[in-house]
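S.K.: fold the following and give me the result.
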Amino acid sequence: MESAVDPAVCIAAERDATLNFIDLLRREQGTLQQIDVSALAPLADEKMQQVQRLAQLADGRNRWLATLGHSGDRSGMEHVLHDYPAATGVWNELLQLAEAAAHLNKINGVLIDQRLRHNQQALAVLQAASSRDSDLYGSNGQPQASSGGRPLGEG
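M.R.: Purely as a prediction, here's the structure:
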């Protein structure tokens, strides 16, 4: 953002990018709640692109604030908004959307963590079963007698 640029327009672009990001987070959440999560990989790529876009927009806003002699944080922006009252509503909307995006991202992180724990538990069960199965055959490929019970005929 340059000082000749209308901050309301630039903040609106950031707001719109945040709305797109929220939509993506909702799609990610829906995918995480399904059994087949194969759609997560393309969503992760799209998420990375949108995060980069949001970072670029925020960097532009922060550079603009710096040219005006203000810090690139919320208080710096709110101080500048006194000179640009038309941008105040869009800024407040952006702040609310950023909170919503952070909340959705946190929920998705919990869902990912739950799925990861479930997968790790399933893998542990499979590995335990696999190690038991490997004891059924000797190094020559022939079945081995079970060592878990008593031989028949012994009392």
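S.K.: and the helices in this protein?
M.R.: 7-32, 40-67, 74-80, 88-134 (DSSP state H).
S.K.: make TSV from the ones you listed and add distance to Gln142, mean pLDDT and mean neighbour count to it.
M.R.: (Glycine included, C-beta is placed from N, CA and C.) TSV is the format used below for the helices of the chain (distance: least, CB to CB, whole Å; pLDDT from 0 to 100; neighbours: other CB atoms under 10 Å):
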stretch	distance to Gln142	mean pLDDT	mean neighbour count
helix 7-32	46	96	18
helix 40-67	44	95	14
helix 74-80	73	93	15
helix 88-134	14	90	13
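S.K.: for these, which one sits closest to Asn140?
M.R.: Asn140 lies closest to helix 88-134 among the helices of the chain, at 13.8 Å (CB to CB).
S.K.: elements contacting that closest one?
M.R.: Packing contacts for helix 88-134, counted by 3 or more CB pairs under 8 Å, 6 or more residues apart in numbering; DSSP states H and E, involve helix 7-32, helix 74-80.
S.K.: can I get those in a markdown table with distance to Ala58?
M.R.: Output for the helices and strands packed on helix 88-134, formatted as a markdown table (distance: least, CB to CB, whole Å):
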| stretch | distance to Ala58 |
| --- | --- |
| helix 7-32 | 7 |
| helix 74-80 | 10 |
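S.K.: and the closest residue to Ser71 other than its chain neighbours, how far from Gln34?
M.R.: Distance criterion CB to CB, 6 or more residues apart in numbering; nearest residue to Ser71, sequence neighbours excluded, is Leu65 at 6.8 Å. In this view, Leu65 and Gln34 are 42 Å apart by CB to CB, to the nearest Å.
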